[in-house]
Structures are given as structure tokens and as C-alpha cells.
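got a structure for you, letters missing:
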């Protein structure tokens, strides 16, 4: 009977050992006197020492059954590990070879802690970047309240408010673009295009910043077209981002070089600068979200550290690659994009449509918006354009107004109290004359799913806040010409 029990115990311990040998977490067995009796391969790797050195040594800290704590692991001498690592340690009491002992599991949380640290840094940086433009906006508004302010000062305050709100919108666009790309929700409008045109457009958009910083820009383009299949807006965005980065991280008077060439079946776009360079330790992570070279309190260059992550994702969506090169701090940097060449396809003819000034037609407009400040500003702007505007602050009031008199156009926020914008649109379409009104969703939600929901609810168009006023003018001009089944 005793022999059977001992065989069963041995078999059980063998199964247990086999299980923990394959465990991805480090497993250490420590006797009650603090001596290490067993380590699995994962623990050897985590502790940076072989089992022969660990077994028989003291564990080095008091243990309590049931405790869960976080510990720092220092690299052992001659282990080849250079960085400290962090582990989550859990302790339970077991029987080991017939004696009570502690079973310790060690889970490597170094990367998780680093991700949390970078997230916290990003949130602090985001708050900093949002407060920066808000400060001059509020100061300018306070200044504009003063009576007798010279016209030049009023105009300067207006320019500052416009510039800083555009900066805020740019920060939000970066966040939303990255979210769309990371979740696979970005829509590419692919066509055959000449990369020379993409680079020329990007240079034109970036030239003012480069000239403002008195930097020299060299451009090398091939004589022949370099055709690829891609989304012209997104590829231009990629190049603008790289050129802007080069200008920001290069001191005034420095040099920036952009080149486009063919290498076999690849189109190679490169942006090289003589700027601050990239430390070797950061080079491998330069495309990771929230990565910032400038983490000082001064943060002279600003930004959220999302641009290069967005660039990489967009390039990869086009079937390409991007790499970063730098000899180190003060040695400049180079970013190289490779895209597959489209050899046989013929690019579409250039769009010859001339976009002239928007024709004005006065409209009877209903504005439904629960944000009072936003509603009043947009109402006053529309009235200044010559439209007749009535406004309400919730969905039920909006629907009641439409029952009494159907407007030509209804600008409707989606997130309304009482009755949300989607339901308002559905019920409005069922009213007499509701099929004739032009319904425009004006919302802070701009994902493809939001546009689809707006279309299904009956909206003709979907505008994301802050509204592109040129596009709004165009929609109002076309409101009487388009039917309800032509959403934008």
C-alpha cells in the first residue's frame, strides 16, 4: 500500500514538473528555510542565471504564502543582460518532495510597465499640448472684450484665435487618424499616380515652415514618371509629415534633402536632414506610438509623438516599408520609404474641373445643437452669410419646429438630449415635406461607421467638427439641387 502511494506521489510530481517546465512564467520552489530547490527554464532566463547556480542558493527575501507583489530583478554578472527587469511575484504554499515549501511564479511585466509609463507620459504631454493653444485663445478673447482696442490689435487677436484653433484641430486629427489606422478603419482611395507629383505637393505644403527656419531644401526627382498605386491624400500626408519632422528637428540654417528614385521594382522616397539625429537606443522604437525625441520640459518642437507611427501604418497599408537611419545625436537622420512600382497601369488624366467660387442662395436653416456656444457662433455665422436661421438646443424641439415649418436645410448634431440626431432624421423624413429637406449631420464623430449610420438615418451629408466652412458653403449652395439619396 505504501509503495503504491509512493508511486502515485512520484507520478504526480513528475506530471507537475513537466507542466511547470513548459510554463512561460518563471517558477521557483523555495524551501521553508529560504533555499532554492527548483527553477524552471523560464525562471533561469528571467533571473539571468542557470539552474546550477540558483539551486542551493538563498532566495534572498522573506516570503509569505498568498502574497502578490512587484519586484525588480537586477541582471546577474556575466549574464549578458544589461537592463533591469520587473516581475510580478505570486507566492503559494505547496508540498515539495514531501516537505512544505513556497511555490513562486514570476511574470515578466517589464514591457507592460514601460507601456504604462509611456502612456502616462503621453497623457501628460497631451494635456500640455492642448493647454498651449488654449492659453492664447482665452487671452485673445479677454483682450477683445476691452473697449476702444485698436483695429490692428483686434485683427491680431482674431488671427491668433484662428491659428491656435487650427492647431487644436490638427492635434485631434492626428489622434483620430492613428486610431482609424490602428483599428483598420481607414479608407484608402487607391489610384495610379506619379510619385513626383506627390512629392511636389508635399514640398509646396511644407515650404513655408522650411523657409521660416531659413533651412536649405535640395530636391532630386527623376525625369521619368514613377507610378505607384496609392491614395494621393494619404501619401501626401506621409511626405508632409516627414518633411515637417525634418524641419522641426533641424536647427535654423540646416539642410534637408528629398530624393525620389527607382530601384528595381521599388520606388524609393527619402528625406534626409542635418538635424539633431536619433540616439541608437531610440532608433529601434522611433515608429512606436507616443515616442518623442524631445522629452524636456521646454518641449520646443511640440507635437504628440504620433506622426511617425501614422506614417509607418499608412506606408504599410500601401504595401511598402519605411526605415529610419541615424549615426547618432547631432548627426542628422534619414527616413526611407519603399513602395512597389506600378509598371503597366496608365494613370488617369488630370482632373480638369475648375472649382470656382461657391454660388450663394439664401436658405431657411434650422440649427439643432445642444452646445450653446457652438450653436450661437454657427447661427451668427450663417446669418452673416445671408441665411435665415432658427436654432434649438435638443432633438425634440428640433422635430417640433420641423413639424410646424419644414426648413430648406437642417444642421443637426448627433449627440442630442431628448432625441438623438439619428432618430430626429428618421422621424423628420416621415413628416410631410420631410423628403425635400437637406439634412446635414454636424458632429464630433467622424469614423466610417458614423458616416454609415448617418446615411442610413437619412442624412444627406456628414460634417465633422470643427466644420470645414468651405464645404458647408458648398453644401448649402447645392441644397436645393440634390436629392436625399446623395449623401456625402
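Arrived safely. Please read all numbers here as calculations on a predicted model, not as lab measurements.

Report all helices and strands that the strand ranked longest in the chain contacts.
Determined from DSSP state E, the single longest strand within the chain is strand 85-96. Applying 3 or more Cβ pairs under 8 Å, 6 or more residues apart in numbering; DSSP states H and E, we find strand 85-96 packed against strand 26-31, strand 68-73, strand 99-108, helix 110-144. Every residue, glycine included, has its C-beta placed from N, CA and C.

change it to 6 Å
strand 68-73, strand 99-108, helix 110-144 (3 or more Cβ pairs under 6 Å, 6 or more residues apart in numbering; DSSP states H and E).

Name the SS class of residue 336, please.
On the three-state scheme (DSSP: H, G, I helix; E, B strand; the rest coil), residue 336 is labelled strand.

Grab the nearest non-local neighbour of it.
Leaving out its chain neighbours, the residue that sits closest to residue 336 by Cβ to Cβ, 6 or more residues apart in numbering is residue 270, at 4.7 Å.

how close does that neighbour sit to residue 313?
Between residue 270 and residue 313 the computed distance is 19 Å (Cβ to Cβ, to the nearest Å).

now do residue 461
Distance of residue 461 to residue 313, given as Cβ to Cβ: 28 Å.

With neighbour numbers in mind, choose between residue 270 and residue 313.
residue 313 (21 against 18; other Cβ atoms under 10 Å).

Could I get the pLDDT score of that one?
Note on residue 313: pLDDT of 87.

SS state for it?
helix.

that older thread, what strands line up against the helix or strand the residue nearest to residue 336 falls within, and which way round?
Assigned by DSSP states H and E, residue 270 belongs to strand 266-273. Next to strand 266-273 in the sheet, as set by DSSP bridges, lie strand 255-263 (antiparallel), strand 333-340 (antiparallel).

Show the average pLDDT along the shortest one.
Going back to what we said before, that points to strand 333-340. Across strand 333-340, the average pLDDT comes to 96.

for whichever helix or strand comes after that strand, packing partners?
Next along the chain after strand 333-340, taking DSSP H and E as the criterion, comes strand 364-368. Packed against strand 364-368 by the contact rule (3+ Cβ pairs under 6 Å, 6+ apart) you find strand 388-392, strand 409-412.

contact partners of the helix or strand that the longest one is followed by?
Following strand 388-392 in sequence order, the next helix or strand is helix 395-404 (DSSP H and E). For helix 395-404, the surrounding residues in contact (Cβ atoms under 6 Å, 6 or more residues apart in numbering) are 366, 368, 392, 416, 418-419, 424, 427-428.

Pick the one among those residues closest to residue 26.
Residue 26 lies nearest to residue 416 out of these, by Cβ to Cβ, at 54.2 Å.

Need the phi and psi values for the residue nearest to residue 51 when sequence neighbours are not counted.
In space, residue 51 comes closest to residue 39 once its chain neighbours are excluded; the distance is 5.1 Å by Cβ to Cβ, 6+ apart. Torsion angles at residue 39 (phi, psi; degrees, to the nearest 10) stand at phi -140, psi 140.

pLDDT score for residue 39?
91.

Could you single out the most deeply buried of the helices and strands packed on strand 85-96?
strand 99-108 (a mean of 18; mean count of other Cβ atoms under 10 Å).

what residues does that one touch?
By Cβ under 6 Å, 6+ apart, strand 99-108 touches 25-32, 46, 63, 87-92, 94.

Quick check: the residue nearest to residue 336 touching residue 260?
No - the criterion here is Cβ atoms under 6 Å, and residue 270 misses it with residue 260 at 7.9 Å.

which of the residues in stretch 39-48 are buried?
39-44, 46-48 (16 or more other Cβ atoms under 10 Å).

I meant stretch 424-442, not that one.
For stretch 424-442, burial by neighbour count (16+ other Cβ under 10 Å) applies to 424-425, 427-428, 434, 437-442.

now, which of those residues sits nearest residue 245?
residue 442 (33.0 Å).

which residues touch that closest one?
Residue 442 touches 411, 413, 463, counting by Cβ under 6 Å, 6+ apart.

Same list (these) but as a markdown table, adding distance to residue 219 and pLDDT.
Shown next, in a markdown table, are the contacts of residue 442 (distance: Cβ to Cβ, whole Å; pLDDT from 0 to 100):
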| residue | distance to residue 219 | pLDDT |
| --- | --- | --- |
| 411 | 44 | 96 |
| 413 | 45 | 92 |
| 463 | 36 | 91 |
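
Closest one to residue 246 out of those residues, please.
Set against residue 246, the nearest of the contacts of residue 442 by Cβ to Cβ is residue 463 (33.3 Å).
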